[in-house]
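> for reference, the sequence and a predicted model appear below.
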Amino acid sequence: MVIKVFVATSSGSTAIKKKQQEVVGFLEANKIDFQQMDIAGDEDNRKWMRENVPGEKKPQNGIPLPPQIFNEERYCGDFESFFSAKEENIIYSFLGLAPPPGTKETEKSDGTEEKSDATEEKSEGAEDKSDSKDEKSDATDEAEAHTEDKAGEGAPEEAHSDQTPSEGQQEEEEKQREGEEKEEVEEQEES
């Protein structure tokens, strides 16, 4: 079984070049046999790649960009799929290869079971992050309310908040300070 990585050797896009380099570099570092198939210099490679990327994996314009990864004729995925598999330590399953002894992937009893567990963990993590954002938002709202209370009392600016105020907040604070300064000047003139 041969892994085929479809690349564009003369791509003008630095993003595509970086993605191609990451895939090729990872395969080389892990001594995974593969062939680079250039779509820039070989029209047959370009046509074959475009025809064999599944419809749901093609972008809206219908033209898949490199790198695209195949195991012989079987489509493995694009860069995003490759990156996810690498992060989840299931790269050999992604490539349709038997993992070498001693890798994390061989310790897993069933790669698909592990993948669904990882997906569930990510979902739970996303919910936790969402809850955390809500708590941060509540804390920010409280801090802003507290800041407004202190601003009304004429507290020094350092007491406001460690957060950088938005432009709108800065303008409001500036107007408020100018108003306070005018009041002080008027009070001094009256006395």
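Received, thanks.
> model confidence score at residue 31, please.
Per-residue confidence (pLDDT) for residue 31: 95.
> check the burial of it by counting its neighbours.
Using other C-beta atoms under 10 Å, the number of residues around residue 31 comes to 7. For every residue, glycine as well, the C-beta is placed using N, CA and C.
> cool, residue 18 as well?
When neighbours are counted by other C-beta under 10 Å, residue 18 comes out with 11.
> so which helix or strand takes in it?
Here residue 18, judged by DSSP states H and E, is contained in helix 14-29.
> need the next SSE after that helix, C-terminal direction.
Going down the chain from helix 14-29, the next helix or strand is strand 34-38, by DSSP H and E.
> picking that back up, so for the helix holding residue 18, what gets flagged as buried?
Going by neighbour count (16 or more other C-beta atoms under 10 Å), the buried part of helix 14-29 is 16, 17, 19, 20, 23, 27.
> could I get those residues in CSV, plus columns for pLDDT and distance to residue 65?
Shown next, in CSV, are the buried residues of helix 14-29 (pLDDT from 0 to 100; distance: C-beta to C-beta, whole Å):
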residue, pLDDT, distance to residue 65
16, 96, 6
17, 97, 11
19, 97, 9
20, 97, 10
23, 98, 13
27, 97, 19
